[in-house]
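Asker: sharing a model that was predicted from the sequence below.
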Amino acid sequence: MTTENDNIVLHVADVHKTFGGLHALSDIDLQIEEGKTHAIIGPNGAGKSTLLNVVVGRLAPTRGAVVFDGQVLTGKQPHEINQVGVARVFQTPEIFPDLTVLQNVMIPALAKRDGSFTLNFMSSLADETEIRDEAIHMLEDVGMKASMDMLAGSLSRGDKRRMELAMCLMQHPRLLLLDEPTAGMSRHDTNTTIDLLKKIKERGMTKVIIEHDMHVVFSLADKISVLAGGRIIAEGTPEEVRNNPKVQEAYLGGAH
Amino acid sequence: MNKIFSMSRKDVLTFVIFSAVVLLMPIWLQPFGAAYPDLMQKFAIFGILAIGFNVLFGLTGYLSFGHAAFLGVGSYTAVWTFKLFSMNPIPALILAVIMAGLFALAIGYVSLRRSGIYFSILTLAFAQMSYNLAYSVLTPITNGETGLQLELQDPRVIDSAFGSTSDGSLPVSNLFGLVDMNGIPGFYFCAVFLIIGFFITQRIFASPFGMMLRAIKSNQTRMNYTGFNTRPYTLTAFVISGMFAGLAGGLMAVTDPLAGAERMQWTASGEIVLMTILGGVGTLIGPVVGAWLIKYFENIFSSFNESVLHNLFAFLPDGVEKFVVEITSMFVGEGWHLTLGLIFMLVVTFLPGGMMEGFRRIGSLFNRDGGDKAKPNEKTPAPAPAE
């Protein structure tokens, strides 16, 4: 599988995934351009989360491969995939509920150094001032500095999502995968998150977003792929997708 | 060098107080009738065992039901070192720790492929296998049910090279021929290791490594998707706690040079779990408190008999006294396990954070008027409330 475009950072090449007899994904071919925000939309059960799970190594594709920046991700462990620069925000926040917010945000920053294992039990956490400052700065960015000493488990759902996003950003990933980053958020929080994601975009981070909220999709996406029944039925700029009759029929129900 | 030992002021204070409490045991244990060397040695040894176990269970959440195996391995290794090389405890302990570490590496490598209950069952299976090996299959090495003991005709190559002669009685472990490892010196020898062990766990708790272990306990999935290979972390925690158990086993042999298979039985593993939960999982001091409490009950309560109770309740009228003694005698002597079980039930039900949670609650009662004062305490290494 060759990519004709040098700007392609993630290439989902001819991926097929079946669960028993169910074809969850068929002939998925996706090319994500560097620095762009690519949204994947589609009705419930279209296979969006399955696709994301294949990319991060949680599920192995039945056929096909995922290539990130020239490296085949298929068959790699989740931690190895993260180490090459792919971070993920989950649909239900995956955080460390028993640790403080600050610790939650510090841990990802230590992954580059300690990820494959460091036995540094004679050094003290209090000496990691650089990472601590960076984490505090990040919490300021997402507007959560006030709750940095709280246990993460006691945060509201919206704050948990925001913190998880901050955790991923601490790693400066080349590719950020977001699975419904604003689900369960108030309109105000949603808009804050959109602003935050726009800010990241200015730094040139590539993002893949799965989202139900059309407001979020159309304010962020450079390109949209529409998934239905495990197939990509349309692809293009927001305008093209919005006006595509096939999409309106399958997803927007013509009611747009 | 300076950086290696940078500790927060609170950590230094905890360490100093802990050391003082341990070293002054012969004094403050007097009113409890527990200030005799044998029991204090046990306090120190089981304290080491419990804090080591806590590094695994308290930080990573992996509940091992097989730690007695490492205790046994430590004991056997130490006794063999006495028999073959020298009665000096130092080489015996070094070899005990290394052997237990190797065993832990092998058992941990396999067991850590699973988590939760399956991990516990795997460790239990390995420990029971070790017990059976020691009890029957490996009799030439372990001397089976009699237990491994010192003998007069043991080679002790290093000792005899230095011209120590046997006077016809079994030798006692001694530090370079200066101090015999029994009685009060034996206790202080163990106490020093308890304090060193406590220092090491304190460092682990405050280190990035410790935070990684806590994060694994909190959410291993997130850890993986954050780029951490969690297996080496859990395996290292497992080996460290196995080495602590090996040290404890070695010290048992140092203070009393024999090793028996019953030390590896599953009840012994269960006792370690009880100590940790009773004291407070994931807290620094809790497991030690739990170990002391259980060993105290085992030794003091079990020695109570009816005549002691009769004396205790002598102030009651005859009929009532007889009744009270009859009821309470079920809970002492052979029945001390009943008392322990009751206490355990009460603690787990009402203080899921163990004795340490109880102490904290009492502490906050007294601090209530000084409101703000209580706050820094609450910030201490988060006591996992959900356990």
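Answerer: Thanks, I have the structure now.
Asker: quick one, what contacts residue 134?
Answerer: In the absence of a named chain, this looks at chain A. By CB atoms under 8 Å, 6 or more residues apart in numbering or on different chains, the contact set of residue A:134 is A:109, A:170. Using the backbone N, CA and C atoms, a C-beta is placed for each residue, glycine as well.
Asker: wait, I meant chain B there
Answerer: Residue B:134 makes contact with B:72, B:76, B:142, B:144, B:261, B:264, according to CB under 8 Å, 6+ apart.
Asker: what ranges do the helices span in the stretch 101-250 of chain A?
Answerer: Remark: helices assigned in the stretch 101-250 of chain A by DSSP state H, counting those that start in this stretch are A:101-114, A:129-141, A:157-169, A:187-202, A:214-220, A:238-243, A:245-247.
Asker: quick one: those as CSV, columns for mean pLDDT too.
Answerer: Listed next are the helices of the stretch 101-250 of chain A as CSV, based on pLDDT from 0 to 100:
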stretch, mean pLDDT
helix A:101-114, 90
helix A:129-141, 91
helix A:157-169, 89
helix A:187-202, 84
helix A:214-220, 86
helix A:238-243, 86
helix A:245-247, 80
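Asker: for stretch B:97-110, which positions count as buried?
Answerer: B:97, B:99, B:100, B:101, B:102, B:103, B:104, B:107, B:108 (16 or more other CB atoms under 10 Å in any protein chain shown).
Asker: name the nearest residue to whichever residue of the stretch 51-200 of chain B sits closest to chain A, sequence neighbours excluded.
Answerer: Nearest to chain A, among the residues of the stretch 51-200 of chain B, is residue B:200, at 7.8 Å (CB to the nearest CB). Once flanking residues are discounted, residue B:200 sits nearest to residue A:121: 7.8 Å by CB to CB, 6 or more residues apart in numbering or on different chains.
Asker: kindly report the same for residue A:169.
Answerer: Nearest non-adjacent residue to residue A:169 (CB to CB, 6+ apart): residue A:138, at 6.3 Å.
Asker: these two touch, right, residue A:152 and residue A:105?
Answerer: No - in this structure, residue A:152 is not within contact of residue A:105 by CB atoms under 8 Å, at 9.2 Å.
Asker: ok, residue 125 - how many residues close by?
Answerer: Answering for chain A, as no chain was given. By the criterion of other CB atoms under 10 Å in any protein chain shown, residue A:125 has 19 neighbours.
Asker: can you look at chain B instead?
Answerer: By other CB under 10 Å, 16 other residues sit near residue B:125.
Asker: host element of it?
Answerer: helix B:116-132 (DSSP states H and E).
Asker: contact partners of the next helix or strand after that helix?
Answerer: For helix B:116-132, the following helix or strand on the C-terminal side (DSSP H and E) is helix B:139-142. Residues outside helix B:139-142 that contact it (CB under 8 Å, 6+ apart): B:76, B:80, B:133, B:134, B:135, B:148, B:259, B:261.
Asker: go on, stretch A:42-55?
Answerer: For stretch A:42-55, contacts defined as CB under 8 Å, 6+ apart pick out A:10, A:12, A:15, A:17, A:24-25, A:28, A:30, A:40-41, A:59-61, A:66, A:73, A:86, A:88, A:91, A:177, A:179, A:208, A:210, A:226-230, A:250-251.
Asker: for that stretch, measure first residue to last.
Answerer: Distance between the two ends of stretch A:42-55: 18 Å, counting by CA to CA, to the nearest Å.
Asker: just how off-centre is that stretch within its chain?
Answerer: The chain centre lies 12 Å from the centre of stretch A:42-55; the measure is CA atoms, centre = their mean, to the nearest Å.
Asker: list the buried ones in it?
Answerer: By 16+ other CB under 10 Å, the buried positions in stretch A:42-55 come out as A:42, A:46, A:47, A:48, A:49, A:50, A:51, A:52, A:53, A:54, A:55.
Asker: show me which residues of the stretch 1-150 of chain A sit near chain B.
Answerer: Taking CB under 8 Å from any CB of the partner chain as the contact definition, the stretch 1-150 of chain A meets chain B at A:56, A:77-80, A:82-83, A:87-88, A:90, A:94-100, A:103, A:106-108, A:110-112, A:114-128, A:149.
Asker: nearest residue to residue B:270 other than its sequence neighbours?
Answerer: In this structure, residue B:270 finds its nearest non-sequential neighbour in residue B:65, 7.0 Å apart by CB to CB, 6+ apart.
Asker: where do the helices sit along the stretch 151-300 of chain B?
Answerer: Secondary structure of the stretch 151-300 of chain B (DSSP H, counting those that start in this stretch): helices at B:157-161, B:183-206, B:208-218, B:220-225, B:230-255, B:266-279, B:286-300.
Asker: got a list of what residue B:55 touches?
Answerer: Residues in contact with residue B:55 (CB under 8 Å, 6+ apart) are B:201, B:204, B:213, B:237, B:240, B:241, B:244.
Asker: could I get the residues you listed as JSON lines with neighbour count and distance to residue B:117?
Answerer: Below are the contacts of residue B:55 laid out as JSON lines (neighbours: other CB atoms under 10 Å in any protein chain shown; distance: CB to CB, whole Å):
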{"residue": "B:201", "neighbour count": "26", "distance to residue B:117": "26"}
{"residue": "B:204", "neighbour count": "22", "distance to residue B:117": "26"}
{"residue": "B:213", "neighbour count": "27", "distance to residue B:117": "20"}
{"residue": "B:237", "neighbour count": "28", "distance to residue B:117": "19"}
{"residue": "B:240", "neighbour count": "23", "distance to residue B:117": "23"}
{"residue": "B:241", "neighbour count": "30", "distance to residue B:117": "19"}
{"residue": "B:244", "neighbour count": "31", "distance to residue B:117": "24"}
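Asker: just the element for residue A:65, please.
Answerer: Assigned by DSSP H and E, residue A:65 belongs to strand A:63-68.
Asker: for that strand, which positions count as buried?
Answerer: Using 16+ other CB under 10 Å as the test for burial, strand A:63-68 gives A:64, A:65, A:66, A:67, A:68.
Asker: residues in contact with that strand?
Answerer: A:1, A:3, A:9-16, A:28, A:54-55, A:72-74, A:81, A:84-86, A:175.
Asker: just the buried subset of these, please.
Answerer: Buried, going by 16+ other CB under 10 Å: A:9-13, A:15-16, A:28, A:54-55, A:73-74, A:81, A:85-86, A:175, out of the contacts of strand A:63-68.
Asker: residue B:299: which of these is nearest?
Answerer: Here the nearest of the buried ones among the contacts of strand A:63-68 to residue B:299, counting by CB to CB, is residue A:81; it sits at 54.6 Å.
Asker: what is the burial count for the residue nearest to residue A:169?
Answerer: Around residue A:138 there are 22 other residues, counting by other CB under 10 Å.
Asker: what about it, distance to residue A:165?
Answerer: Noted for residue A:138: a distance of 10 Å to residue A:165, by CB to CB, to the nearest Å.
Asker: now the two most distant members of the buried residues of strand A:63-68.
Answerer: Greatest spatial distance in the buried residues of strand A:63-68: A:64 and A:68, 13.9 Å, computed using CB to CB.
Asker: picking that back up, of residue A:152 and residue A:105, which one has the most company?
Answerer: More crowded of residue A:152 and residue A:105, by other CB under 10 Å: residue A:105, with 31 against 25.
Asker: the more buried one touches residue A:135, doesn't it?
Answerer: Yes - in this structure, residue A:105 is within contact of residue A:135 by CB under 8 Å, at 4.2 Å.
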